[in-house]
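Participant: Structural data only, the sequence is not supplied:
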Ligand code: ACO
């Protein structure tokens, strides 16, 4: 897919926020639930603890509120709300409930592109802004703990709950989105799936292999569209699934780990929330300065 059309009205991120539910599940807690060890989980995934028992709606409200507050806008200023989630609490109306709770009056919808959902939603939000919207709230929220089989050590050690959000505002000129790429390969769906009402299922090794490949391919396309190289990237904000996937992708992209946002040790894989949570962490820590090039890259079920 193409780079942004420079004649389209662009956008800039003017606010951000995040939320994690209070209950923390450590690797030591998991040792008492399944046949595993802290050492194995840290070595194979980099994860030490995760937050659980959140609801997608509740976490979205908190992250959305924080993002609006940091933007300096009021809820009435928001023209559209997009929630990226693969774990809605209700069959429909999740985003509408969040809209009502935050006191917004605007169009709302949900995007399900699994762990890539936040990146897909950012591009969709830019589309709305190109069509005339001024302020768009984009939230990535997932409560994977409710679709995790806590008796299955293959998956139980990896996932957590959380939400992250940004407010995009239209601006003159092309804005901050320099280039983008969205893709999917439905033929890989059977290696990572969850039936409606069922638990996450995956072939971990195959997901790992493909994840590295597709993250690098997609990132390289975007670097090419933008006319830059890995050296020009101030911060890489990758999907937080496994530290070894991130390291392998960084190696191939020529971005060292010092220039990479990592929060999975504290949060595990939070699906559509993982990139905005890592972005929020980096912004809050002052790791991104105005004018810096930031590369967001996700992969997820579908496979997206
Ligand atoms: N604790 C201890 N041992 C374990 C555990 C565990 N939790 N899980 C598996 N093992 C065992 C296996 O049974 C295997 O034993 P064996 O050698 O006797 O057969 C051994 O550890 C090694 O297992 P592998 O599967 O080879 O381990 P690997 O190094 O591939 O790591 C992991 C497994 C962490 C799942 C890795 O493959 C991975 O991260 N894959 C990608 C997962 C991912 O990104 N999923 C995205 C989901 S996104 C979404 O849609 C929500």
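Facilitator: That came through fine. The structure displayed is predicted, hence computed values, not measured ones.
Participant: Tell me the residues on the stretch 201-304 of the chain that lie near the ligand, please.
Facilitator: 202, 204-205, 207-208, 211, 241-242, 269, 271, 300-301 (CB under 6 Å from any ligand atom). All C-beta atoms are positioned from the backbone trio N, CA, C, and that covers glycine.
Participant: Please flag which of these sit within strands.
Facilitator: residue 202 (DSSP state E).
Participant: Now do the strands in the stretch 101-250 of the chain.
Facilitator: Assigned by DSSP state E, counting those that start in this stretch, the stretch 101-250 of the chain shows strands spanning 107-111, 135-143, 161-171, 192-193, 201-202, 235-238.
Participant: Next, format those as TSV and append mean pLDDT and mean neighbour count.
Facilitator: Listed next are those as TSV, based on pLDDT from 0 to 100; neighbours: other CB atoms under 10 Å:
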stretch	mean pLDDT	mean neighbour count
strand 107-111	98	19
strand 135-143	98	32
strand 161-171	98	28
strand 192-193	96	18
strand 201-202	97	17
strand 235-238	98	26
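Participant: re earlier: who wins for most neighbours among the residues of the stretch 201-304 of the chain next to the ligand?
Facilitator: Compared across those, residue 271 has the highest neighbour count, 34 neighbours, by other CB atoms under 10 Å.
Participant: For that one, which residues are in contact?
Facilitator: Contacts for residue 271 (CB atoms under 8 Å, 6 or more residues apart in numbering) come out as 85-87, 114-115, 117, 140, 142, 144, 159, 300.
Participant: what's the neighbour count on the nearest residue to residue 266 once chain neighbours are set aside?
Facilitator: Spatially, and ignoring its direct neighbours in sequence, residue 266 is nearest to residue 49 (6.1 Å; CB to CB, 6 or more residues apart in numbering). A total of 19 residues lie near residue 49 under the criterion other CB under 10 Å.
Participant: which residues of this structure score low on pLDDT?
Facilitator: Across the chain, the ranges flagged by pLDDT under 70 are 1-7.
Participant: what are the ranges of the helices in it?
Facilitator: 27-31, 38-45, 56-71, 94-102, 117-130, 153-156, 204-226, 243-253, 264-267, 274-284 (DSSP state H).
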